[in-house]
Every structure is written in C-alpha cells, then in structure tokens.
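Chemist: Fold the following.
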Amino acid sequence: MRISNIFMILSLFILLVSIENIVRVYGEDPTYGFTSVPLTDANFEVQKPYNIPVEQRYSFIDGVHRFWVYAHDKPYSPSSPTQPRTEIRIKGLDYHSGVWQFEGYGYVPKGTSGATIAQIHGAAHGATTLLLRIYSGDMRYYATDLVAKNLYDKWFRLNIIHDVDGGIVTVFIDGENKFQTKDQGPGDLYFKCGVYAAPAHISNYMESRWRDIKIYKKS
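Modeler: Predicted structure coming up:
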C-alpha cells in the first residue's frame, strides 16, 4: 500500500474518532429521533393584556415574534387573577402522553427580570409542569434551580423534551443538556413562550423574542 494511502486512512480514522468524542461530550442533537409536527398560523394563539390591542404588546416581523409587558399591565382576561403576560400558546397540539418537544430560538434583552419566557402548561397538581424564568440574565426552573447563565442580549436555542409516560422533563440550551427534572404528573399539556411576569421580583419592563418555533413528537 502506498504511503499516501496509509496517511489518508489514518487521517480519516482520526477524524472519525474526533467526531465520536464530540458526540460523547456534547450529545446528539436533541431533535434526533423525533418527527416534526406541521405548524400553521392557527397553532399560534397570542395571549396579551385584555384591555389593549395586541399590536401594543406583540409584533411579528421578519420571522421574529416579539413580546413585551409592563409590571402594571392587566392580565389576559378580566376574571384572571394572574400576572400580566404576552405569550404564544401552542394551540391544537395539546398532549396527554408520549414524548413531545418544543424548539425555538429565544432572545432576552438586558433588564428583563422575573419573567417566564417558556413553559409547559398543565399538570396533575398545580397549573404548570415547567416554568423557565429569567432573573438578571440567568435562566431558572421556576425561581429555584439554575438552568443556564448569562443569556442577555444573544440568541440561544432552547429545546424542551417532555416524556410524559416516563415523567421526565429535559431542557437543552444550544444543544447541551442543561437541566432535568420530574414532571408534575399528567394533564392537559401544551407549550407556551413569550413573557409572563413572575409573582414577585419583576422588572418594570419585560421582553422576549422568539423565532423558528417548532414542535416535535417521538414516533
């Protein structure tokens, strides 16, 4: 065998080993093994303060959903006791079993704090299975466990996988497994993203932006 051919084979072997090591360290793409679920405009229901037009708290320009609220805003309905929000509720894809996934690219401008930017609504006990909140640029599970740091002023890829039958929720940031927890039991479950004020310690102005929102299901 010629020396050049031996060198080429060795180089290919080294490349394959390097790729294998990368996969071992960073893991597979979180969407691997999932099937994309088609989305239309009808699947994106915007919830906003009930007393103002939607365009005063939401815009969709060049593929980017922008959501903002103020601490003094009204809830989404006159009868709701909840904090102000502007969110997209993924409609028509409620789930009760199986393995489902939310994917989107999020952006949170500096200054937004005490705001839920993504969630799984529904649970056997309580209203939600998962809340991901931004506090001073860091993402937390509700107001406790740290999920990721220093997310202000940059786009990041968020993947949330909910294994309902296994009772597990896993959160990926930029393709890296950052957090896993038990869920809150079965229920009428669906994904949401946007900006939703926490019960306390919120900034006066809260905003998040989202693009390339997708829903996946494991076959």
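
Chemist: Do me a favour and average the pLDDT over the longest strand seen in the chain.
Modeler: Taking DSSP state E as the criterion, the chain has its longest strand at strand 205-218. Strand 205-218 carries an average pLDDT of 98.

Chemist: Direction included, what does it pair up with?
Modeler: When pairing is defined by DSSP bridges, strand 205-218 lines up against strand 34-37 (antiparallel), strand 64-70 (antiparallel), strand 99-107 (antiparallel).

Chemist: what's whichever helix or strand comes after the first one in contact with?
Modeler: Right, strand 34-37. Sequence order places strand 44-47 as the next helix or strand after strand 34-37, per DSSP states H and E. Residues outside strand 44-47 that contact it (Cβ atoms under 8 Å, 6 or more residues apart in numbering): 54, 58, 65, 76, 85-91, 194, 213. (C-beta placed from N, C-alpha, C; glycine too.)

Chemist: ok, then the element right after strand 44-47?
Modeler: Heading C-terminal from strand 44-47, the first helix or strand you meet, by DSSP H and E, is strand 58-61.

Chemist: out of the contacts of strand 44-47, who's nearest residue 29?
Modeler: Of all the contacts of strand 44-47, residue 29 sits closest to residue 213, with 16.9 Å by Cβ to Cβ.

Chemist: isn't that closest one right next to residue 63, touching?
Modeler: No - under the criterion of Cβ atoms under 8 Å, residue 213 makes no contact with residue 63, lying 9.9 Å away.

Chemist: Which one's more surrounded, these two?
Modeler: More crowded of residue 213 and residue 63, by other Cβ atoms under 10 Å: residue 213, with 20 against 10.
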